[in-house]
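S.K.: The following comprises the amino acid sequence and a computationally predicted model.
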Amino acid sequence: MQTVFGYIQLFDFNAQHLTFIFLIFIWSGFVRSGLGFGGAALALPLLLLIYDRPLFWLPILCVHLLVFTTLTLRTRLNNVDWGVLKKTSIYILPGKLIGVFGLLSLPNRWLIIIIYGITLFYAFLWVLNLRIRSEKGWTDKLLLAMGGYFSGASLMGAPLMVAVYMHQINKQSLRDSLFVLWFILVGIKLGTLAAFGVNLQFLSALILVPVAGIGHVAGLKAHEYMLKNDGYFRQILGVILIGISVIGLGSLL
(Lines give C-alpha, C1' and ligand atoms only; values in the text may rest on other atoms or scores of the structure.)
Protein backbone atom coordinates (compact mmCIF):
# COMPACT_ATOMS: atom_id res chain seq x y z
CA MET A 1 0.00 0.00 0.00
CA GLN A 2 1.07 3.57 -0.67
CA THR A 3 1.48 5.32 2.64
CA VAL A 4 2.22 8.91 1.66
CA PHE A 5 -0.69 11.39 1.98
CA GLY A 6 -3.22 8.55 1.82
CA TYR A 7 -2.97 7.58 -1.86
CA ILE A 8 -4.40 4.13 -1.28
CA GLN A 9 -8.07 3.54 -2.03
CA LEU A 10 -10.82 2.05 0.11
CA PHE A 11 -10.98 -1.25 -1.76
CA ASP A 12 -7.26 -1.84 -1.36
CA PHE A 13 -8.20 -3.18 2.09
CA ASN A 14 -9.06 -6.85 2.47
CA ALA A 15 -12.59 -8.09 3.16
CA GLN A 16 -12.07 -8.39 6.91
CA HIS A 17 -10.76 -4.84 7.20
CA LEU A 18 -13.58 -3.52 5.01
CA THR A 19 -16.13 -5.12 7.31
CA PHE A 20 -14.60 -3.39 10.34
CA ILE A 21 -14.38 -0.09 8.43
CA PHE A 22 -18.09 -0.27 7.54
CA LEU A 23 -19.02 -1.00 11.17
CA ILE A 24 -16.88 1.89 12.42
CA PHE A 25 -18.52 4.33 10.01
CA ILE A 26 -21.98 3.16 11.07
CA TRP A 27 -20.87 3.85 14.64
CA SER A 28 -19.48 7.26 13.64
CA GLY A 29 -22.77 8.30 12.04
CA PHE A 30 -24.74 7.10 15.06
CA VAL A 31 -22.69 9.07 17.58
CA ARG A 32 -22.55 12.23 15.43
CA SER A 33 -26.30 12.56 14.99
CA GLY A 34 -27.16 11.14 18.42
CA LEU A 35 -25.00 13.47 20.51
CA GLY A 36 -24.32 16.25 18.00
CA PHE A 37 -20.55 15.74 18.28
CA GLY A 38 -17.96 13.01 18.72
CA GLY A 39 -18.44 11.00 15.50
CA ALA A 40 -14.88 11.59 14.36
CA ALA A 41 -13.38 11.51 17.86
CA LEU A 42 -14.85 8.06 18.52
CA ALA A 43 -14.14 6.65 15.06
CA LEU A 44 -10.58 7.83 14.37
CA PRO A 45 -8.84 5.82 17.15
CA LEU A 46 -10.52 2.66 15.81
CA LEU A 47 -9.68 3.42 12.19
CA LEU A 48 -6.02 3.96 13.07
CA LEU A 49 -5.85 0.36 14.30
CA ILE A 50 -6.68 -0.71 10.74
CA TYR A 51 -4.47 1.78 8.89
CA ASP A 52 -2.25 4.12 10.89
CA ARG A 53 -2.34 7.17 8.61
CA PRO A 54 -4.49 10.03 9.93
CA LEU A 55 -4.19 11.85 6.60
CA PHE A 56 -6.06 9.00 4.93
CA TRP A 57 -9.01 8.94 7.35
CA LEU A 58 -9.41 12.60 8.27
CA PRO A 59 -10.53 13.84 4.82
CA ILE A 60 -13.16 11.06 4.68
CA LEU A 61 -14.47 11.99 8.12
CA CYS A 62 -14.49 15.66 7.08
CA VAL A 63 -16.55 14.96 3.95
CA HIS A 64 -19.04 12.96 6.02
CA LEU A 65 -19.36 15.82 8.49
CA LEU A 66 -20.21 18.18 5.62
CA VAL A 67 -22.77 15.76 4.16
CA PHE A 68 -24.59 14.85 7.36
CA THR A 69 -24.57 18.28 8.95
CA THR A 70 -26.09 19.63 5.74
CA LEU A 71 -28.81 16.96 5.81
CA THR A 72 -29.61 17.70 9.44
CA LEU A 73 -29.55 21.49 9.09
CA ARG A 74 -31.43 21.94 5.81
CA THR A 75 -34.65 22.83 7.65
CA ARG A 76 -33.21 23.89 11.03
CA LEU A 77 -31.03 26.94 10.36
CA ASN A 78 -33.58 29.07 12.21
CA ASN A 79 -32.71 27.07 15.34
CA VAL A 80 -29.03 28.10 15.29
CA ASP A 81 -27.62 30.62 17.78
CA TRP A 82 -25.69 32.70 15.25
CA GLY A 83 -24.77 35.38 17.77
CA VAL A 84 -22.82 33.05 20.05
CA LEU A 85 -21.08 31.35 17.11
CA LYS A 86 -19.95 34.70 15.72
CA LYS A 87 -18.73 35.92 19.12
CA THR A 88 -16.70 32.77 19.88
CA SER A 89 -15.23 32.13 16.41
CA ILE A 90 -12.43 34.66 16.96
CA TYR A 91 -10.93 32.34 19.59
CA ILE A 92 -11.44 29.12 17.64
CA LEU A 93 -10.23 29.98 14.13
CA PRO A 94 -6.57 30.86 14.90
CA GLY A 95 -6.12 27.60 16.82
CA LYS A 96 -7.86 25.73 14.01
CA LEU A 97 -5.40 27.01 11.40
CA ILE A 98 -2.38 26.27 13.59
CA GLY A 99 -3.70 22.74 14.13
CA VAL A 100 -4.22 22.10 10.40
CA PHE A 101 -0.68 23.20 9.60
CA GLY A 102 0.54 20.95 12.41
CA LEU A 103 -1.33 18.06 10.81
CA LEU A 104 0.54 18.71 7.56
CA SER A 105 3.98 19.18 9.10
CA LEU A 106 4.22 16.83 12.09
CA PRO A 107 5.60 13.29 11.62
CA ASN A 108 2.92 10.61 11.34
CA ARG A 109 4.12 8.94 14.56
CA TRP A 110 3.63 12.17 16.51
CA LEU A 111 0.15 12.65 15.09
CA ILE A 112 -0.88 9.17 16.23
CA ILE A 113 0.52 9.76 19.72
CA ILE A 114 -1.37 13.07 19.92
CA ILE A 115 -4.63 11.46 18.77
CA TYR A 116 -4.42 8.57 21.22
CA GLY A 117 -3.28 10.93 23.98
CA ILE A 118 -6.35 13.14 23.47
CA THR A 119 -8.52 10.03 23.33
CA LEU A 120 -7.14 8.78 26.66
CA PHE A 121 -7.75 12.18 28.25
CA TYR A 122 -11.41 12.17 27.22
CA ALA A 123 -11.81 8.50 28.10
CA PHE A 124 -10.59 8.89 31.68
CA LEU A 125 -12.85 11.90 32.18
CA TRP A 126 -15.84 9.87 30.98
CA VAL A 127 -15.02 6.78 33.04
CA LEU A 128 -14.65 8.89 36.19
CA ASN A 129 -17.84 10.76 35.26
CA LEU A 130 -15.99 14.07 35.29
CA ARG A 131 -17.01 16.99 33.11
CA ILE A 132 -14.93 19.72 31.53
CA ARG A 133 -16.62 22.75 33.05
CA SER A 134 -16.23 26.32 32.01
CA GLU A 135 -17.24 29.66 33.43
CA LYS A 136 -17.39 32.87 31.48
CA GLY A 137 -13.99 34.47 31.20
CA TRP A 138 -10.49 33.30 30.38
CA THR A 139 -11.36 29.59 30.79
CA ASP A 140 -13.93 29.86 28.00
CA LYS A 141 -11.38 31.47 25.69
CA LEU A 142 -8.71 28.88 26.54
CA LEU A 143 -11.03 25.92 25.94
CA LEU A 144 -12.22 27.37 22.63
CA ALA A 145 -8.64 27.98 21.46
CA MET A 146 -7.51 24.49 22.50
CA GLY A 147 -10.61 22.97 20.94
CA GLY A 148 -9.87 24.78 17.70
CA TYR A 149 -6.29 23.48 17.70
CA PHE A 150 -7.27 19.86 18.40
CA SER A 151 -10.00 20.14 15.79
CA GLY A 152 -7.43 21.27 13.23
CA ALA A 153 -4.86 18.64 14.13
CA SER A 154 -7.21 15.68 14.56
CA LEU A 155 -10.97 16.55 14.51
CA MET A 156 -11.03 15.77 18.25
CA GLY A 157 -11.58 19.20 19.78
CA ALA A 158 -15.35 19.00 20.09
CA PRO A 159 -15.64 18.12 23.84
CA LEU A 160 -13.55 21.17 24.79
CA MET A 161 -15.69 23.54 22.75
CA VAL A 162 -18.93 21.88 23.86
CA ALA A 163 -17.97 22.61 27.49
CA VAL A 164 -18.23 26.30 26.64
CA TYR A 165 -21.30 26.17 24.42
CA MET A 166 -23.32 24.17 26.94
CA HIS A 167 -23.65 27.24 29.16
CA GLN A 168 -23.89 29.76 26.31
CA ILE A 169 -26.50 28.11 24.06
CA ASN A 170 -29.82 26.68 25.22
CA LYS A 171 -30.22 22.92 25.04
CA GLN A 172 -32.79 23.00 22.23
CA SER A 173 -30.43 24.93 19.90
CA LEU A 174 -27.14 23.34 20.96
CA ARG A 175 -26.90 20.46 18.48
CA ASP A 176 -27.90 22.55 15.45
CA SER A 177 -25.51 25.35 16.43
CA LEU A 178 -22.67 22.86 16.87
CA PHE A 179 -23.41 21.37 13.45
CA VAL A 180 -23.00 24.81 11.85
CA LEU A 181 -19.68 25.25 13.67
CA TRP A 182 -18.44 21.81 12.57
CA PHE A 183 -19.44 22.62 8.96
CA ILE A 184 -17.37 25.82 8.98
CA LEU A 185 -14.34 24.27 10.67
CA VAL A 186 -14.35 21.21 8.43
CA GLY A 187 -14.65 23.40 5.33
CA ILE A 188 -11.52 25.28 6.40
CA LYS A 189 -9.68 22.01 7.02
CA LEU A 190 -10.59 20.43 3.68
CA GLY A 191 -9.72 23.61 1.77
CA THR A 192 -6.29 23.79 3.43
CA LEU A 193 -5.54 20.10 2.84
CA ALA A 194 -6.54 20.43 -0.82
CA ALA A 195 -4.32 23.49 -1.23
CA PHE A 196 -1.34 21.45 -0.02
CA GLY A 197 -2.04 18.54 -2.38
CA VAL A 198 -3.46 16.03 0.09
CA ASN A 199 -5.68 13.39 -1.52
CA LEU A 200 -9.14 14.14 -0.12
CA GLN A 201 -10.39 10.60 -0.81
CA PHE A 202 -13.72 11.80 -2.25
CA LEU A 203 -14.49 8.45 -3.88
CA SER A 204 -13.88 6.51 -0.67
CA ALA A 205 -15.91 9.07 1.27
CA LEU A 206 -18.86 8.83 -1.14
CA ILE A 207 -18.82 5.04 -1.03
CA LEU A 208 -18.99 5.19 2.77
CA VAL A 209 -21.78 7.82 2.92
CA PRO A 210 -24.62 5.22 2.74
CA VAL A 211 -22.82 3.14 5.37
CA ALA A 212 -22.52 6.09 7.76
CA GLY A 213 -26.09 7.02 6.81
CA ILE A 214 -27.37 3.89 8.55
CA GLY A 215 -25.84 5.10 11.81
CA HIS A 216 -26.97 8.67 11.15
CA VAL A 217 -30.64 7.68 10.90
CA ALA A 218 -30.37 5.48 14.00
CA GLY A 219 -28.69 8.31 15.92
CA LEU A 220 -31.45 10.77 15.01
CA LYS A 221 -34.01 8.36 16.44
CA ALA A 222 -31.94 7.81 19.60
CA HIS A 223 -31.02 11.48 20.15
CA GLU A 224 -33.38 12.19 23.06
CA TYR A 225 -32.63 8.86 24.77
CA MET A 226 -28.87 9.41 24.50
CA LEU A 227 -29.13 12.87 26.03
CA LYS A 228 -31.14 11.52 28.98
CA ASN A 229 -28.58 8.74 29.61
CA ASP A 230 -25.53 10.76 28.66
CA GLY A 231 -23.41 9.95 31.73
CA TYR A 232 -23.88 6.18 31.55
CA PHE A 233 -23.28 6.20 27.80
CA ARG A 234 -20.01 8.11 28.20
CA GLN A 235 -18.71 5.79 30.92
CA ILE A 236 -19.11 2.77 28.66
CA LEU A 237 -17.42 4.65 25.81
CA GLY A 238 -14.58 5.67 28.10
CA VAL A 239 -13.75 2.09 29.05
CA ILE A 240 -13.76 1.05 25.39
CA LEU A 241 -11.61 4.00 24.31
CA ILE A 242 -9.01 3.34 27.00
CA GLY A 243 -8.62 -0.21 25.70
CA ILE A 244 -8.36 0.98 22.08
CA SER A 245 -5.81 3.68 22.96
CA VAL A 246 -3.63 1.28 24.96
CA ILE A 247 -3.60 -1.17 22.04
CA GLY A 248 -2.87 1.63 19.54
CA LEU A 249 -0.04 3.15 21.55
CA GLY A 250 1.35 -0.29 22.37
CA SER A 251 1.57 -1.25 18.69
CA LEU A 252 3.22 2.09 17.91
CA LEU A 253 5.77 2.03 20.72
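M.R.: Thanks, I have the structure now.
S.K.: Would you check how far apart the most centrally placed residue in the chain and residue 24 are?
M.R.: Among the residues of the chain, the one closest to the centroid is residue 40, at 2.9 Å (Cα atoms, centre = their mean). Counting by Cβ to Cβ, to the nearest Å, the gap from residue 40 to residue 24 is 11 Å. Glycine gets a C-beta too; all of them are placed from N, C-alpha and C.
S.K.: Over to the residue nearest to residue 72 when sequence neighbours are not counted. Which of the three states is it?
M.R.: Spatial nearest neighbour of residue 72, excluding adjacent residues (Cβ to Cβ, 6 or more residues apart in numbering): residue 179 at 5.7 Å. Using DSSP: H, G, I helix; E, B strand; the rest coil, the structure places residue 179 in helix.
S.K.: Counting by contacts, list what the helix or strand where residue 207 lies packs against.
M.R.: Following DSSP states H and E, one finds residue 207 within helix 202-228. Other elements packing on helix 202-228 under the criterion 3 or more Cβ pairs under 8 Å, 6 or more residues apart in numbering; DSSP states H and E are helix 15-35, helix 54-73.
S.K.: quick one: the residue nearest to residue 72 and residue 69 touch, right?
M.R.: Yes. Contact status for residue 179 versus residue 69: in contact at 4.2 Å, counting by Cβ atoms under 8 Å.
S.K.: Now the common contact residues for those two.
M.R.: Here residue 179 and residue 69 have no joint contacts, going by Cβ atoms under 8 Å, 6 or more residues apart in numbering.
S.K.: what stretches of the stretch 1-150 of the chain score poorly on pLDDT?
M.R.: For the stretch 1-150 of the chain, applying pLDDT under 70 flags the ranges 1-7, 35-38, 134-136.
S.K.: now do 90
M.R.: Within the stretch 1-150 of the chain, the segments meeting pLDDT under 90 span 1-12, 27-45, 54-55, 64-79, 101-111, 113-140, 150.
S.K.: The stretch 151-253 of the chain now?
M.R.: Counting by pLDDT under 90, the stretch 151-253 of the chain has low-confidence residues at 151-176, 178-179, 182-183, 196-202, 212-213, 215-253.
S.K.: again, 70 this time
M.R.: Short version for the stretch 151-253 of the chain, where the test is pLDDT under 70: 223-224, 226-227, 229-230.
S.K.: mind listing the helices for the stretch 101-250 of the chain?
M.R.: Taking DSSP state H, counting those that start in this stretch as the test, the helices found in the stretch 101-250 of the chain are 108-127, 138-154, 158-165, 171-195, 202-228, 230-252.
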